[in-house]
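Asks: coordinates only, sequence not included:
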C-alpha cells in the first residue's frame, strides 16, 4: 500500500485495531499498534522499526522500538482475537501446518541455530517457526505461531537469559509444537475441519496418531519410502506352545513402499483430476486412490498402545487409511503420495483438492515476508519476536478482510505490493 491508500484505510484500520487490540489495556500501546501496522503496510523495501518510523508522519523510532522489544503487552490474547475473527470470515476448508525460516547472522538472536533453512534451501544459520493457517482456495491467514527452540538452547543459560526465553519453554519437536498449537486453538473454541501438512509432518506416525487421538481428520504428504500393507491384509498369530509369552499376530507378507505399490498398478489405473484454475489454466494431473495400512515399528507400537488404553488386547490389525498418489504427465513413476484419514467414500476430486490446497500458505508466506516484513525484524529477544510476528499477523488479517469485503477489487482497496520480487519460501 502507498501512503495514500493507508490514509484512506485509516478509519477501517482504527476499528480493526480497537477490536483486535482490545486485550491491550493501555491506550498508548494500542495507538502504537495502529502506527506499527501502518508502517508494515506502507510501501518500502525494509520493514525494520527505523525504516518504518522514517516513512510515517507520526512515526517515532524510539517509541516503536520500546513497543515491540520491551513493552509488556501480551501478544497471545491479540492473536486469539485475530484467529476468532478470521476463521468465521474465511470459512476454512482446512488448517495447513507448516514451518517457516528466518536467516540470521550471529548466534544471539533468540532460538537461532545452524539448521535446515527452507528460505535458502540448505543448512544455514536461522530461526524456525511452526505456523497454523486457515485456508481455502480463495483466502487464507495464519492463526498461530510457535518459535522452535533447538536442543542447543535448552540448557544454554546465558543465551536464554539474554534473549528472555521463559523458563517453561524448552526444546520441543516441530510436530509436537504443531499439536500443541492445535490444542491451544481448540481452547479458543476453534476446531479444524481437516489438517493438511507436508511430508515433514505427515511422515511422522506419532503426528498422525496425535491428530487421530484428537478426532481430527487429515490429508498429509508422505515420502515415497513409507511402507504399507494392502487394506485387505490380515495378521496371523504363530502357534503358541503354551510356554513363555504368547506370540503377537504378524502380517505374513512384508510391507511395500508406497512408491512400489502405486507404480505397480500402472499408469492406466490413474484417473485425471482437475483441482483448481491456475494462472495458466486448469491445474490437472492423474491420481490413484487405495486403501492401505501404514506399517513400521512405530505404527505397530502406536496401534498396540491404543488398544491397551481402551482396555483390550491388540489383535495385530493396523489402522486403515487412504493413500493418494499422483502420476503427472511425462513422469516415469508416481511423484507424490499422501495419507488421509477421511472417509473411504470421500470423492477423489475432494482428496486431491485438499492435498493441493497448501499452495495458499506459500501465498501467505510471500505476502507476510515480502509485503509485510515478517522476516525484517532486527531484534533478538523472545518478547520482540513474538510481538513482531503478532503485529505482522494483524496487518495480514486486516488486508485479508479488506480483500474479502464487497467491492474489494476497486482502486481504493488496500493491497500489499511487494517491493521485492516474489519467491517461494
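Replies: Received the coordinates, thanks. Just so we're clear, the structure is a prediction, and the values are computed from it rather than from any experiment.
Asks: From here on, just use CA atoms for contacts and neighbour counts.
Replies: OK.
Asks: now the residue nearest the centre of the chain: how far from residue 274?
Replies: The residue lying closest to the centre of the chain (CA atoms, centre = their mean) is residue 97, at 2.4 Å. Going from residue 97 to residue 274 by CA to CA, to the nearest Å gives 24 Å.
Asks: picking up where we left off before, part of a strand, is the residue nearest to the centre of the chain?
Replies: Yes: under DSSP: H, G, I helix; E, B strand; the rest coil, residue 97 sits within a strand.
Asks: Sketch out the low-pLDDT regions of the stretch 301-425 of the chain for me.
Replies: 407-425 (pLDDT under 70).
Asks: ok, back up a step: these two touch, right, the residue nearest to the centre of the chain and residue 133?
Replies: Yes: the criterion here is CA atoms under 8 Å, and residue 97 meets it with residue 133 at 6.5 Å.
Asks: Pretty sure residue 28 sits in a helix.
Replies: Yes: counting by three-state DSSP, residue 28 is part of a helix.
Asks: Quick check: it vs residue 37, distance?
Replies: 14 Å.
Asks: Between the two, tell me which one has more neighbours.
Replies: Using other CA atoms under 10 Å as the criterion, residue 28 and residue 37 rank with residue 37 on top: 23 against 11.
Asks: so what's the more buried one up against?
Replies: 391, 392, 394, 395 (CA atoms under 8 Å, 6 or more residues apart in numbering).
Asks: filter these to the buried ones?
Replies: Applying 16 or more other CA atoms under 10 Å to the contacts of residue 37, the neighbour count classes 391, 392, 394, 395 as buried.
Asks: re earlier: filter the contacts of residue 37 down to the ones in helices?
Replies: 391, 392, 394, 395 (DSSP state H).
Asks: Among those residues, which one lies nearest to residue 374?
Replies: Taking CA to CA as the measure, residue 374 lies nearest residue 392 of these, at 6.2 Å.
Asks: ok, now how distant is the closest one from residue 401?
Replies: Counting by CA to CA - residue 392 and residue 401 are separated by 14 Å.
Asks: Secondary structure class of residue 252, three-state.
Replies: Look at residue 252: counting by three-state DSSP, its state is coil.
Asks: Quick check: chain neighbours aside, which residue is closest to it?
Replies: residue 235 (6.5 Å; CA to CA, 6 or more residues apart in numbering).
Asks: related to what we said a few turns ago, so who does the residue nearest to the centre of the chain touch?
Replies: 130, 131, 132, 133, 178, 195, 196, 197, 198.
Asks: helix, strand or coil for residue 284?
Replies: Of the three states, residue 284 takes strand under three-state DSSP.
Asks: any idea which helix or strand carries residue 385?
Replies: helix 382-404 (DSSP states H and E).
Asks: For that helix, give me every contacting residue.
Replies: Residues contacting helix 382-404 (CA under 8 Å, 6+ apart): 13, 16, 20, 33, 36-37, 40-41, 68-70, 75, 78-79, 82, 86, 89, 110, 139-142, 163-165, 367-368, 372-374, 377, 379, 408-409, 413-416.
Asks: Out of those residues, list just those in helices.
Replies: Mapping the contacts of helix 382-404 onto helices (DSSP H) picks out 13, 16, 20, 33, 36-37, 40-41, 68-69, 75, 78-79, 82, 86, 89, 163.
Asks: so what's the closest residue to residue 201 other than its chain neighbours up against?
Replies: In space, and not counting its chain neighbours, residue 201 is closest to residue 175: 6.0 Å by CA to CA, 6+ apart. Neighbour list for residue 175: 201, 204, 207 [criterion: CA under 8 Å, 6+ apart].
Asks: what's the burial count for residue 304?
Replies: Around residue 304 there are 18 residues (other CA under 10 Å).
Asks: who are the neighbours in contact with the closest residue to it other than its chain neighbours?
Replies: Nearest residue to residue 304, sequence neighbours excluded (CA to CA, 6+ apart): residue 314, at 5.4 Å. The contact partners of residue 314, taken as CA under 8 Å, 6+ apart, are 303, 304, 307, 308.
Asks: State the pair within those that is farthest apart.
Replies: For the contacts of residue 314, with distances taken as CA to CA, the pair at the greatest spread is 303 and 308 (8.7 Å).
Asks: Between these two, which has more neighbouring residues?
Replies: Set residue 303 next to residue 308 and count neighbours by other CA under 10 Å: residue 303 wins out with 18 against 12.
Asks: what secondary structure does the more buried one sit in?
Replies: What three-state DSSP gives for residue 303 is helix.
Asks: what sits against it?
Replies: 314, 318, 319.
Asks: of the residues you listed, closest to residue 183?
Replies: residue 319 (23.4 Å).
Asks: Tell me, how many residues neighbour the closest one?
Replies: The tally of other residues near residue 319 (other CA under 10 Å) stands at 15.
Asks: Check residue 385 too.
Replies: Residue 385: 22 surrounding residues under other CA under 10 Å.
Asks: quick one: it from residue 391, how far?
Replies: 10 Å.
Asks: Could you do residue 166 as well?
Replies: Distance, residue 166 to residue 391, by CA to CA: 21 Å.
Asks: what sits against the residue nearest to residue 257 when sequence neighbours are not counted?
Replies: Excluding the flanking residues, the one nearest residue 257 by CA to CA, 6+ apart is residue 227, at 4.1 Å. Residues in contact with residue 227 (CA under 8 Å, 6+ apart) are 255, 256, 257, 258, 294, 295, 296.
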